[in-house]
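Student: need coordinates for the following:
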Amino acid sequence: MLSVILFISKNSAQIIKPDFANIEYASVSGISLTLDIYIPPHISYPYPTIIWIHGGGWQSGSKENVNGTWLIQKGFAIVSINYRLTDKAIHPAQINDCKAAIRWIRANAQKYHFDNNKIGVFGSSAGGHLAALVGSSGDVKDLEGDVGGNLSHSSRVQAVCDWYGPANFLTICGTVPPTSNHCDETSPEGKLIGGDLRTNPDKCKSVSPITYVSKDDPPFLIMHGTADNTVPFHQSVELDSAYKAIGHDVTFIPQPGAGHGGGSFGADSTKQRITDFFNRTLMGKTSVDNEIIPTLFQLFQNFPNPFNPTTTISYAIPKVETRHASSLQLVTLKVYDILGREVATLVREFQQAGYYNSQFSIRQTDGGQVRNSQLPSGVYFYRLTAGNYSETKKMSLSK
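Tutor: Down below sits the predicted model:
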């Protein structure tokens, strides 16, 4: 599953060398845990700092597979960390190590000119999972550990960017093609918790970022490919929905057609989106239009069986004041299956701010002919997007 080495940007550590390499932040049972530091040039310190957590299914990869290095030129220090892999230790060792690295950064802030109040975390795949877990478990003693000491320093962060990381081990089984094994003890997830996911619900809850979601968590930016056959798309949908349910600062950006990394994840627009997010959350720069999050955006689902084959959906589009705001916003409403595959587009039109009640009938293409069709029973997600804001909700359809 997550053992695939993930996309590495052209500006990765293959080209940019760290200013400080292989620094030990902790030693556990004879294992040296190290990190690399990249310092932004021509920037006055203290530096806002982004911690990169690599992917690799918790069983491979290293700090050398660093991403996000374009942020160095934007004034951010990057700290890329190693953590214990599953051939050395199981959960909670990995999250203990990540938190230890954050405490080390704060303990050594004066030496390396880090800003203790401006620390973000960024990771992909298994690293996205650990980044999300760092963000959601700020006060969870069972996950803090005492690796590396520095216990007088906080392991909390001020921002999280999660690329396609697993969020809920209780729902990940049986949701992707058979080539991706999530469940048994030989799967990457099974190796992480030390057993079969189906018979270890308590361990699944402990390792899942969604378990600890709360209003005092830092802002989240979540990105996931809709065609990801490694980590199911719905994992990010669930995490986004959990934060939306409590009115939290979360932005979820699906990458249409993208798989497990690659594609649009390397686009300049994606890099700018992440730069804007960290500028807002760590630097307090609020002039970026696409970071404005409406609070009146709502979807009202008809029960018990929406889209089977018709339903009425009510939604509210708020008026958003930005420098380039238009009276019209492009609104789309799409339905996805549990693998993140688009089932249907129900709305795609420009609409003004206001309240809408619309009845839709699913029309699918079959052999070149469009026909009305009922969806089979199962779990689906519908996603409403207006301008630069979007919201996703899960629905269960049964017959």
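Student: how about the strands in the stretch 151-300 of the chain?
Tutor: Listed in chain order, the strands of the stretch 151-300 of the chain (DSSP state E, counting those that start in this stretch) span 159-163, 220-225, 250-255, 298-300.
Student: ranking those by burial, who's on top?
Tutor: Highest mean neighbour count among these (mean count of other CB atoms under 10 Å): strand 159-163, with a mean of 29. Yep, even glycine has a C-beta here, placed from its N, CA and C like the rest.
Student: send the alpha carbons of that one over as CSV?
Tutor: Taking Å, rounded to 0.1, in the frame of the first residue of the first chain, the C-alpha atoms of strand 159-163 are listed here in CSV:
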residue,chain,number,x,y,z
ALA,A,159,-0.9,24.3,11.0
VAL,A,160,-1.2,21.0,9.3
CYS,A,161,-1.0,20.1,5.6
ASP,A,162,-2.1,16.5,5.0
TRP,A,163,-1.6,14.9,1.6
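Student: okay, now the sheet partners of that strand, with direction.
Tutor: Strand 159-163 has these partner strands in its sheet, going by DSSP bridges: strand 114-124 (parallel), strand 220-225 (parallel).
Student: can I get those in CSV with distance to D240?
Tutor: Shown next, in CSV, are the strands paired with strand 159-163 (distance: least, CB to CB, whole Å):
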stretch, distance to D240
strand 114-124, 16
strand 220-225, 6
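Student: okay if I get the ones you listed as JSON lines plus distance to V157 and mean pLDDT?
Tutor: Shown next, in JSON lines, are the strands paired with strand 159-163 (distance: least, CB to CB, whole Å; pLDDT from 0 to 100):
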{"stretch": "strand 114-124", "distance to V157": "5", "mean pLDDT": "97"}
{"stretch": "strand 220-225", "distance to V157": "11", "mean pLDDT": "94"}
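Student: one step back: okay, the strands of the stretch 151-300 of the chain in TSV with distance to D268 next?
Tutor: As requested, these are exported to TSV (distance: least, CB to CB, whole Å):
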stretch	distance to D268
strand 159-163	16
strand 220-225	15
strand 250-255	14
strand 298-300	31
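Student: for the most centrally placed residue in the chain, what are its contacts?
Tutor: Residue closest to the average C-alpha location in the chain (CA atoms, centre = their mean): D162, at 2.6 Å. Going by CB atoms under 8 Å, 6 or more residues apart in numbering, D162 touches G123, G128, H129, A131, A132, G135, F220, L221, I222, M223, S236, L239.
Student: let's see that with 7 Å instead.
Tutor: G123, G128, A131, A132, F220, I222 (CB atoms under 7 Å, 6 or more residues apart in numbering).
Student: for the closest residue to the fifth one other than its chain neighbours, what are its contacts?
Tutor: I take that to be F220. Leaving aside its sequence neighbours, F220 sits nearest to V250 (CB to CB, 6 or more residues apart in numbering; 4.4 Å). Counting by CB under 7 Å, 6+ apart, V250 touches F220, I222, D240, Y243, K244.
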